[in-house]
Structure formats: C-alpha cells, structure tokens
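K.L.:
Okay, sequence plus prediction incoming.
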Amino acid sequence: VDPAARRSEWALRVPRPLTRLVNAAGLQNLVQWEAMHELDPPRALRWRSLSGVQNSGEATFTPVAGQPRATTVRLRMSYTLP
C-alpha cells in the first residue's frame, strides 16, 4: 500500500461454490490485483484496478440517524472476466 501514490494491492480468495466458474474463466482460486484508489474520508472509498482482473467500485458509509454506533455500507463493484 502506498498512500501517497493512492495505490494498493488486493487479494480475493474465491468462495468454494464459485470455484468451478472462476476456474472455467481461466482464473485461480486466489485472485490478485493492484488498484488506484481515491478516499473521501469518512464517507467513501473508490477504486479501479491497474492489473489483474479489470474491476472498479465504490464503497460508501452513511451514519444511521438516531443510532450513533450504526453505519449503512453500500458497495458497488463491476468487473470483467477474461
């Protein structure tokens, strides 16, 4: 992770039920990539891949009114299989 360059490395272990699908796409059970990310603390994290499987996304964090210890998390992610 390089905060100054806004780059990070990610790894995703594919859940067992999806292993056949992922292997059929030519990928292994552990998918890795490097990403460029943008932070908007404390509300959002956005990224796009620079290597590996093409993907991008955004995670947003919204406080729940009246519940000081609760947060709504929304995740949007898109990817392209090889």
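P.N.:
Good, I have the coordinates. Numbers count the residues shown, from 1 in each chain.
K.L.:
contacts, neighbours, all on C-alpha from now
P.N.:
Will do.
K.L.:
For L39, report the pLDDT, please.
P.N.:
On pLDDT, L39 comes in at 89.
K.L.:
max-length strand in the protein?
P.N.:
Residue-count comparison of every strand in the chain, with assignments taken from DSSP state E, identifies strand 67-80 as the longest.
K.L.:
packing partners for that strand?
P.N.:
Applying 3 or more Cα pairs under 8 Å, 6 or more residues apart in numbering; DSSP states H and E, we find strand 67-80 packed against strand 54-64.
K.L.:
who touches L12 in this structure?
P.N.:
Listed by Cα atoms under 8 Å, 6 or more residues apart in numbering, the contact set of L12 reads L30, V31, Q32.
K.L.:
Wasn't the second one part of a helix?
P.N.:
No - inclusion of V31 in a helix is not indicated when DSSP: H, G, I helix; E, B strand; the rest coil is applied; the result is strand.
K.L.:
Who are the contact partners of it?
P.N.:
Under the criterion of Cα under 8 Å, 6+ apart, the contact list for V31 reads A11, L12, R13, V14, G52, V53.
K.L.:
Select only the buried ones of those in ChimeraX?
P.N.:
One line in ChimeraX is enough to select the buried ones among those; burial here means 16 or more other Cα atoms under 10 Å:
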select :14,53
